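1. Next input, structure requested:
(2 chains)
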Protein chains: 2
Amino acid sequence: MGDAPPEEHLLVILPFPEPVALLEDIRDNFPYVRVSYFQQKPEEQGGSDVPKDLLASATILCLLQYRPVLKEVPKLKLVHFISAGIDHFLNHPLVTDTDINLTTVSGIHGPPIAEWVVMNWLVSSRLYDQTAEWQRNHIWYNNKTLINKMEDNVEKRVGILGYGSIGRQVARLAVAMGMQVLAYTFSPRPTPASRRDTGYIVPHTGDPDGTLPVSWHHGSDKVSLHDFLSQNLDHLLISVPLTPSTTKFIGAEELALLSKSCTRTTRRPFLTNISRGKVIDQEALIESLKSGELSGAAIDVADPEPLPADHPLWDAPNLHISPHVSSLGIEYMQRTMDVLKVNLRRMEKGEELVNLYKRRKGY
Amino acid sequence: MGDAPPEEHLLVILPFPEPVALLEDIRDNFPYVRVSYFQQKPEEQGGSDVPKDLLASATILCLLQYRPVLKEVPKLKLVHFISAGIDHFLNHPLVTDTDINLTTVSGIHGPPIAEWVVMNWLVSSRLYDQTAEWQRNHIWYNNKTLINKMEDNVEKRVGILGYGSIGRQVARLAVAMGMQVLAYTFSPRPTPASRRDTGYIVPHTGDPDGTLPVSWHHGSDKVSLHDFLSQNLDHLLISVPLTPSTTKFIGAEELALLSKSCTRTTRRPFLTNISRGKVIDQEALIESLKSGELSGAAIDVADPEPLPADHPLWDAPNLHISPHVSSLGIEYMQRTMDVLKVNLRRMEKGEELVNLYKRRKGY
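-> The predicted structure follows:
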């Protein structure tokens, strides 16, 4: 049935011990692929000294930080980066001087981060900190007093700024809770094709066809953003990439608009940021929490990181801070290899690779 | 267009102040229904003294605790109880001596309880207590150490004991997270029709057609239960009603089986109980948490309630206890009236009522 795929040599160079079972799985599934592993030494131990013969025969590299020298990898066809972006390689000759395929693991962060987001919504709305304190004090509190302090998410509205893999998985969970999702993107998405998620999708998650939002909105200007924030939102999720145009994207004016336009009398809007600290004006966030403009907020990112011990964010009311952990999990390496496996199959079939870096577009 | 519906008199008798807006909404939607409200006094203040003329003309009663005298309500056609069951009325002449339609608000508890369940799963798996403690201490912890301590729910398996409105909404959220749902019921559900949820469903929630589980299981005997628990489950949700056959349904043997059959090496099963405290052998639960058979547990119910301050459950490791609050929320009264409104429309059309108490079946 057709030609056998060409012999390939996958050379994996990572700064930690060999993921033995994962590489064995690749050997099992792709018998024509020779798989080698080299553990990259930390910079302070003299950096890496990958054997020249491994590099010379490598057709596929799998990397995190290792910076190959082009003339040492003459047979290279594909570099698979196990990071979501390749910002740290943009000036490398691989990007600037070749047409070698470069792929990322963009898309694999949706499930853990979405779970972190929804955990924070529920911890806030279902008074987890309060019930945990009662438990520590061995108090079975008279629950009748709580009926007017809790609410669930049915028919609540979440605005998602940046509808990528993370926003889509949050949307999936939100819709399961009975919520309405409003999506915001920078470029317009008027057609079904433009709403599709064309990147890697962890199976059984996300919004592959972009059918979950009740409405789509777009724009890179303040007017468009303000229109979006004025739609009676109960939740605002910030999941945009940090760029010059998203720096301080959400400040005092935006938070006031969000709050003012929310007609719900029982609960003010809740803000969640899993993007980057610089996307928010942190002083404004603290003020909105203190004034009650927001019912609460959760941030997994801060500016700067690590956040200094004397920073006022730590003690802002109704705020949960975690130290950039929302994407972490034991599934990470497995999923980086899942993306590679998808692309090995696509190479066999001559199909376009998933998560292929587009040199001209810059992502 | 057809006959006008007959005049009705809805008399609402509840032990708290009049829900003015909700009753106004019924008047607006059903102009032929006269709506009266009477606030029932507490027993210690002499009980209730509902005007006899209101009772005499009432065709529909909406009640929580008020016990009508049959001869005082000669025109009664329907009693709408704003509780999930009518256990407290089973010996009342309304049930034993009449065929008057009795309806409940069964089904409205799914959304808040499901959110409580998933909150607890995520608090445990995403180490919320740990990150909250770091925040209290102003520590931006080095996150790299956490990559092997967190995991998400994609492809994890949850067994749901009792697939009613609560189990179904948990299933909906679980599937959104990428999980597999295994349903357990007492009677067999071999056909699509038998898997349907025939009770009231909060719009945009639940599993109306019973299509979410990857498999259905049933039985009221230990062998069937043990077979169910032996299916490599990561989560067990207990959402069965308390009956003689579910008392101490889950004991030491069941917890050991659940743990032994879970092949995951990174995390032991997690148990969640939103049923009743007596469904679990609490001593066995404490032992399973201490031994590590379970990674954790969450219970919103205990035996007895209130749980005494010196009870060993309070300090069991990796257990979250809340004082029977998972169903609470400001939406409660609104939803009890939503069910009534559905039934007023069905009465207009001569259709069978939703949540109708079946005298012979006892629910």
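2. hey, where'd the helices end up in the stretch 251-363 of chain A?
-> A:252-260, A:282-291, A:332-349 (DSSP state H, counting those that start in this stretch).
3. Chain B is nearest to which of those?
-> Among the helices of the stretch 251-363 of chain A, helix A:332-349 comes nearest to chain B, with 6.3 Å by CB to the nearest CB. No exception for glycine: its C-beta is placed from N, CA and C like everyone else's.
4. Contacts for the closest one, please.
-> Outside helix A:332-349, the residues within contact range by CB atoms under 8 Å, 6 or more residues apart in numbering or on different chains are A:5, A:8, A:19, A:22-23, A:25-26, A:29-30, A:33, A:62, A:78, A:80, A:82, A:103, A:105, A:107-108, A:200, A:202, A:352-355, B:147.
5. Narrow those to those that are buried.
-> A:5, A:8, A:19, A:22-23, A:25-26, A:30, A:33, A:62, A:78, A:80, A:82, A:103, A:105, A:107-108, A:200, A:202, A:353-355, B:147 (16 or more other CB atoms under 10 Å in any protein chain shown).
6. Take the residues you listed and keep only those in helices.
-> A:22-23, A:25-26 (DSSP state H).
7. Looking at those residues, which is nearest chain B?
-> A:L22 (14.5 Å).
8. Now do the contacts for that closest one.
-> So A:L22 contacts A:333-334, A:337 (CB under 8 Å, 6+ apart).
9. Break chain A into its domains for me.
-> Chain A breaks down into these domains under the TED database: A:8-106+A:329-361, A:110-321.
10. now the first one, how far from the chain's geometric center?
-> Averaged C-alpha coordinates place domain A:8-106+A:329-361 at 21 Å from its chain's average position (CA atoms, centre = their mean, to the nearest Å).
11. The residue lying closest to A:S57 once chain neighbours are set aside: neighbour count?
-> Excluding the flanking residues, the one nearest A:S57 by CB to CB, 6 or more residues apart in numbering or on different chains is A:H9, at 4.8 Å. Applying other CB atoms under 10 Å in any protein chain shown, we find 18 residues neighbouring A:H9.
12. Please name the nearest non-neighbouring residue to A:L11.
-> A:L11's closest residue in space is A:A58 (CB to CB, 6+ apart), at 3.9 Å.
13. wouldn't that neighbour be in contact with A:L76 here?
-> Yes. With contact defined as CB atoms under 8 Å, A:A58 and A:L76 form a contacting pair (6.3 Å).
14. Neighbour count: those two, which is higher?
-> Using other CB under 10 Å, the more surrounded residue of A:A58 and A:L76 is A:A58, with 27 against 20.
15. who are the neighbours in contact with that one?
-> A:A58 touches A:9-11, A:36, A:73, A:75-76, counting by CB under 8 Å, 6+ apart.
16. sorry, back to before: export the domains of chain A to CSV and tack on mean pLDDT?
-> Below are these laid out as CSV (pLDDT from 0 to 100):
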stretch, mean pLDDT
domain A:8-106+A:329-361, 94
domain A:110-321, 96
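17. Of those domains, which is nearest B:R195?
-> domain A:110-321 (18.9 Å; CB to CB).
18. Tell me, how many residues neighbour the residue nearest to A:A132 when sequence neighbours are not counted?
-> Excluding its sequence neighbours, the residue lying closest to A:A132 (CB to CB, 6+ apart) is B:H320, at 6.7 Å. Close neighbours of B:H320, defined as other CB under 10 Å, add up to 21.
19. again, but for the one 10 residues further on
-> A total of 15 residues lie near B:I330 under the criterion other CB under 10 Å.
20. A:I147 - nearest residue in space that isn't next to it in sequence?
-> That would be B:L328: by CB to CB, 6+ apart, it lies 4.7 Å from A:I147.
21. For the one you found, list the residues it contacts.
-> A:143, A:146-147, A:150, B:112 are the contacts of B:L328 under CB under 8 Å, 6+ apart.
22. What of A:G296?
-> Neighbours of A:G296 in contact, by CB under 8 Å, 6+ apart: A:124, A:270-271, A:289, A:318-320.
23. that older thread, now distance to A:S230 too, for the contacts of B:L328, in TSV please.
-> TSV is the format used below for these (distance: CB to CB, whole Å):
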residue	distance to A:S230
A:N143	37
A:L146	32
A:I147	31
A:M150	27
B:P112	29
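24. Neighbour-wise, which one of these leads?
-> B:P112 (28 neighbours).
25. Show the contacting residues for A:D281.
-> A:D281 neighbours (CB under 8 Å, 6+ apart): A:248, A:250-252.
26. Mind giving me the PyMOL select for those, buried ones only?
-> Selection of the buried residues among the contacts of A:D281 in PyMOL, burial being defined by 16+ other CB under 10 Å:
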select buried, chain A and resi 250
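27. And the contacts of A:D281, which two are furthest apart?
-> A:K248 and A:A252 (10.2 Å).
28. how about the helices in the stretch 51-200 of chain A?
-> Under DSSP H, counting those that start in this stretch, the stretch 51-200 of chain A gives helices at A:52-57, A:93-96, A:110-125, A:128-136, A:165-176, A:192-195.
29. Helix B:110-125 and the fifth one, what's the angle between them?
-> For helix A:165-176 and helix B:110-125, the angle between their directions (axes from the mean of the first three to the mean of the last three CA atoms, to 10 degrees) works out to 140 degrees.
30. Any buried residues in helix A:165-176, and which?
-> Buried residues in helix A:165-176 (16+ other CB under 10 Å): A:165-176.
31. Likewise for stretch A:86-97?
-> A:86, A:89, A:92, A:94-95.
32. which of the residues you listed lies closest to A:D221?
-> Nearest to A:D221 among those, with distances taken as CB to CB, is A:I86, at 28.6 Å.
33. right, and that closest one touches A:Y357 too?
-> Yes. If you go by CB under 8 Å, A:I86 and A:Y357 touch, sitting 6.0 Å apart.
34. what comes into contact with stretch A:200-207?
-> With contact meaning CB under 8 Å, 6+ apart, stretch A:200-207 is reached by A:105-108, A:110-111, A:114, A:165, A:168-169, A:171-172, A:197, A:208, A:213, A:335, A:338-339, A:342, A:354-355, B:154-155, B:175, B:177-178.
35. Name all residues that make contact with A:E305.
-> Going by CB under 8 Å, 6+ apart, A:E305 touches A:277, A:323-324, B:140.
36. one more time with 10 Å, if that's ok
-> A:276-277, A:323-324, B:140, B:143 (CB atoms under 10 Å, 6 or more residues apart in numbering or on different chains).
37. Of those residues, just the buried ones, ChimeraX syntax please.
-> This is the ChimeraX syntax for the buried subset of the contacts of A:E305, where burial follows 16+ other CB under 10 Å:
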select /A:276,277,323,324 /B:140,143
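38. of the contacts of A:E305, closest to A:R264?
-> A:G277 (27.9 Å).
39. what's the burial count for the closest residue to that closest one other than its chain neighbours?
-> Leaving aside its chain neighbours, A:G277 sits nearest to A:D303 (3.2 Å; criterion: CB to CB, 6+ apart). Neighbour count of A:D303, defined by other CB under 10 Å: 18.
40. and if you look at A:V79?
-> Residues within reach of A:V79, counting by other CB under 10 Å, total 25.
41. And A:K260, by the same measure?
-> 12.
42. returning to that earlier point: shared neighbours of A:K248 and A:A252, anything?
-> In contact with both A:K248 and A:A252: A:281, A:284, using CB under 10 Å, 6+ apart.
43. mind listing what the residue of chain A positioned farthest from its centre touches?
-> Farthest-out residue of chain A from its mean C-alpha position, per CA atoms, centre = their mean: A:N142, at 40.5 Å. With contacts defined as CB under 10 Å, 6+ apart, A:N142 is in contact with B:306, B:323-324.
44. tell me, which of the residues you listed make contact with chain A?
-> Restricting those to those adjacent to chain A (criterion: CB under 10 Å from any CB of the partner chain) gives B:306, B:323-324.
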